[in-house]
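J.: The sequence isn't on hand, but the structure is:
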């Protein structure tokens, strides 16, 4: 055992290296990593915890039942209020009003769906805005559509 | 080297021959003890994690405690369906997605393309601002025989190229079938952006990490539908759940001639299309 000292030193070095590896591994790998797969499981919770901006279907009717009733009777019944206005979160949070709801510019909002386009399904109601306005002896303004149509029930 | 020193003061005091000198040996001893203790603690901590892994991979997995509101991700498997024949190209989905997920300007988690195909099969494709501001009537100078809108989003593939090549395990697919990005791990190398054959990923200009459609994970785990599906005025977009009995989308997939994008890539997408044509890609 003349050279035992050398073996002890080598083993000691190995032990230190292994220890450092375990330590480094512990601090480098996040706590929830690998629980469900090769990813940090806590990330799933973080994604799920984000706050929805758009309300559940029908959230608006709680306060605006009058408009909701008008809308429910017309061709816009299946349309989400937030599609034309804005996400609920800009207006209400935790049942408290936090800001005004956006009133959209009718000519812009109506044209998103109803401007005549070749790529639109033919059965969908659409008009060439300029000629439609001229046909009805109106002048083109931002809210010209509302002269004849009720946005919540356009057939009215 | 002498094995028995003449006296403590005669040699340099190496640890091999100065058992009573103390300083270096004590240092090593204490160091070894401290290291041993910390390693033991860490190993014990990791052991508790191991039990979690065993539970997670067992035949009857423990209900995941990832969700606070009783949502069980083993009971869902989401699929998406786009009916191209219904889409009117209004861009409501793009606006809703942008507002719901705070998507940076000029970047899109979902977008709408307009295809106008001529008699010779030539397709004029445009998607001004992702379709967010709707589409304007415009001339193509071609004899257009077929035109349609083509909404696109992440296909949430079963065999995802993006997840496979992420070098830091930042991209992953959840048990309920949603491909997500862990922003805290992503290093923004952009490999996944290049790997996605559907172009559904981008590098966020502020955080410099990969960003993509999450299938509104914060909404679907609360029992809501995605922002784009809720915004669609013509039901061209639908969210389905293959594990729900009598699910409308699952029924359509089972009974109708649905198609997927680029099936030759074997990515096995979970976004299905009705009314695709050969020009749409």
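T.: Received the coordinates, thanks. Note that this is a predicted model, so its numbers are computed, not measured.

J.: switch to C-alpha atoms for all contacts and neighbour counts from now on
T.: Will do.

J.: and the gap between the residue nearest the centre of chain B and residue A:69?
T.: Central residue of chain B (CA atoms, centre = their mean): residue B:180, 2.1 Å from the mean position. Residue B:180 sits 39 Å away from residue A:69, going by CA to CA, to the nearest Å.

J.: try residue B:241
T.: Separation of residue B:241 from residue A:69 (CA to CA): 31 Å.

J.: do residue B:177 as well
T.: With CA to CA as the criterion, residue B:177 and residue A:69 are 38 Å apart.

J.: near chain A, which residues of the stretch 51-200 of chain B?
T.: Neighbours of chain A within the stretch 51-200 of chain B, by CA under 8 Å from any CA of the partner chain: B:52-53, B:56-57, B:66-67, B:85-92, B:96, B:99-100, B:114-116, B:133-137, B:146-149, B:169-172, B:174, B:182.

J.: which of the residues in whichever strand or helix holds residue A:16 are buried?
T.: Using DSSP states H and E, residue A:16 maps to helix A:4-28. For helix A:4-28, the neighbour count (16 or more other CA atoms under 10 Å in any protein chain shown) marks A:19, A:22-23, A:26 as buried.

J.: can you narrow those residues to ones near chain B?
T.: A:19, A:22-23, A:26.

J.: what's the closest non-adjacent residue to residue B:115?
T.: With sequence-adjacent residues excluded and distances taken as CA to CA, 6 or more residues apart in numbering or on different chains, residue B:115 is closest to residue B:125, at 4.7 Å.

J.: Can you name the residues that contact that neighbour?
T.: Applying CA atoms under 8 Å, 6 or more residues apart in numbering or on different chains, we find residue B:125 in contact with B:113-116.

J.: Mind checking which of the residues you listed are in strands?
T.: Among the contacts of residue B:125, DSSP state E puts B:113-116 in strands.

J.: Reformat these as a markdown table; add pLDDT.
T.: Below are the ones in strands among the contacts of residue B:125 laid out as a markdown table (pLDDT from 0 to 100):
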| residue | pLDDT |
| --- | --- |
| B:113 | 96 |
| B:114 | 96 |
| B:115 | 96 |
| B:116 | 95 |
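
J.: Generate TSV for the residues you listed, with neighbour count as supplementary columns.
T.: Below are those laid out as TSV (neighbours: other CA atoms under 10 Å in any protein chain shown):
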residue	neighbour count
B:113	21
B:114	24
B:115	22
B:116	23
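
J.: how about the residue nearest to residue B:233 when sequence neighbours are not counted, secondary structure?
T.: Nearest non-adjacent residue to residue B:233, counting by CA to CA, 6+ apart: residue A:79, 5.0 Å away. At residue A:79, secondary structure determined by DSSP: H, G, I helix; E, B strand; the rest coil is coil.

J.: Tell me how many other residues surround residue A:79.
T.: 19 (other CA atoms under 10 Å in any protein chain shown).

J.: Just want to know which of residue B:241 and residue A:69 has more residues nearby.
T.: Legend: neighbour count by other CA under 10 Å for residue B:241 and residue A:69, higher for residue B:241 (19 against 14).

J.: Could I get the full set of helices for chain A?
T.: Per DSSP state H, chain A carries helices over the ranges A:4-28, A:42-48, A:65-73, A:81-84, A:106-114, A:129-135.

J.: ok, residues contacting the last one?
T.: Helix A:129-135 has contacts (CA under 8 Å, 6+ apart) with A:111, A:115-116, A:139-140, A:144.

J.: mind redoing it with 10 Å?
T.: A:107, A:110-111, A:114-116, A:126-127, A:137-141, A:144-145 (CA atoms under 10 Å, 6 or more residues apart in numbering or on different chains).
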